[in-house]
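S.K.: Sequence and predicted structure below; questions after.
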Amino acid sequence: MDSDDSLVALQCDAVAQALQQLRDTFRSRNSPDIVELLDQFWAVQDHLHRLLAALSDDPAKLHNLDQRYPSLSSEVTEILSSASSTPVGSLGAVTYSCRAIHDSLFKIQNLKHSSAMAASA
């Protein structure tokens, strides 16, 4: 595995861990600490943006994403849906973070689509 492959793998793992922390927070019966919750959203936002940057630098690494983290889209979508259905989803910082997360996911999906189109041409 070269350094680019390991960077994609590292970012995939970081995104997965950040999403799991948010899932755990949403499933908790305790009221979430707002600062902790914001940190968790920002962690997802940051790691997903870093993953996008790594994939944008070399779209050939998209195969690593599909192998390493095939459920990325569905897991991110689940978190965004969970956020919008809770009171914390109305917080401006959470709304902004969710938009940035969605934007990064959309760009990753566009990279995948473009790569698939180029491969079939």
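M.R.: Alright, I've got the coordinates. Numbers count the residues shown, from 1 in each chain.
S.K.: Give me the phi and psi for the residue minimising distance to the centre of the chain.
M.R.: Against the mean C-alpha coordinate of the chain, by Cα atoms, centre = their mean, the closest residue is residue 48 at 4.1 Å. Backbone torsions of residue 48, given as degrees, to the nearest 10, read phi -70, psi -40.
S.K.: Which other helices and strands does the lowest-mean-pLDDT helix or strand in the chain contact?
M.R.: Ranking every helix and strand in the chain by mean pLDDT, DSSP states H and E puts helix 62-68 at the bottom, with a mean of 79. With contacts taken as 3 or more Cβ pairs under 8 Å, 6 or more residues apart in numbering; DSSP states H and E, helix 62-68 sits against helix 3-27, helix 34-57, helix 92-120. Yep, even glycine has a C-beta here, placed from its N, CA and C like the rest.
S.K.: May I see the buried residues of that helix?
M.R.: 62, 64-65, 68 (16 or more other Cβ atoms under 10 Å).
S.K.: Now flag whichever of those residues is closest to residue 21.
M.R.: For those, the residue nearest residue 21 by Cβ to Cβ is residue 68; the value is 18.8 Å.
S.K.: residues contacting residue 44?
M.R.: Counting by Cβ atoms under 8 Å, 6 or more residues apart in numbering, residue 44 touches 15, 18-19, 22, 76, 79, 97, 101.
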